[in-house]
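Colleague: Here is a sequence with its predicted model. Questions after.
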Amino acid sequence: LKKAAEGTDNVLYPMREALKARATVGEVCNALREVWGTYIPSDAF
């Protein structure tokens with residue numbers, strides 16, 4: 001999943017395989033956060 005997220009591959013298929021292998025949603029989210037980080041909205045109003 002992390003390898004797909006680091007490139008331009010579709011992350012849906014590796015995510016589905018990870019979940020089939022009994023990975024938790026938290027583990028999947030943490031893997032994606034490691035690659036993409038977290039969104040912090042700007043306070044521009």
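Modeller: Here it is on my side, so go on. Only a predicted model underlies this, so the values are computations on that prediction, with no experimental measurement involved.
Colleague: close enough to count as contact, residue 5 and residue 31?
Modeller: Yes. Residue 5 is in contact with residue 31 according to Cβ atoms under 8 Å; the separation is 7.3 Å. Backbone N, C-alpha and C define where each C-beta goes, glycine included.
Colleague: Which residue of those two possesses the greater neighbour count?
Modeller: residue 31 (20 against 17; other Cβ atoms under 10 Å).
Colleague: Next one: the more buried one from residue 9, what distance?
Modeller: Computed as Cβ to Cβ, to the nearest Å, the residue 31 to residue 9 distance reads 14 Å.
Colleague: What's the mean pLDDT across the helix or strand encompassing residue 31?
Modeller: Taking DSSP states H and E as the criterion, residue 31 maps to helix 25-36. Helix 25-36 comes out with an average pLDDT of 97.
Colleague: ok, and what's touching that helix?
Modeller: Identification of contacts with helix 25-36 by Cβ atoms under 8 Å, 6 or more residues apart in numbering yields 1, 2, 5, 6, 11, 15, 18, 19.
Colleague: nearest to residue 39, of the residues you listed?
Modeller: residue 5 (14.6 Å; Cβ to Cβ).
Colleague: Excluding chain neighbours, what is closest to the closest one?
Modeller: residue 35 (4.1 Å; Cβ to Cβ, 6 or more residues apart in numbering).
Colleague: So what's the residue count around the one you found?
Modeller: There are 14 residues near residue 35, going by other Cβ under 10 Å.
Colleague: Could you do the one 4 residues further on as well?
Modeller: The burial metric for residue 39, expressed as a neighbour count using other Cβ under 10 Å, is 5.
Colleague: so what's it scoring on pLDDT?
Modeller: pLDDT at residue 39 comes out at 90.
Colleague: Kindly report the same for the one 4 residues further on.
Modeller: The pLDDT attached to residue 43 in the predicted structure is 82.
Colleague: element containing it?
Modeller: Using DSSP H and E, residue 43 falls outside every helix and strand.
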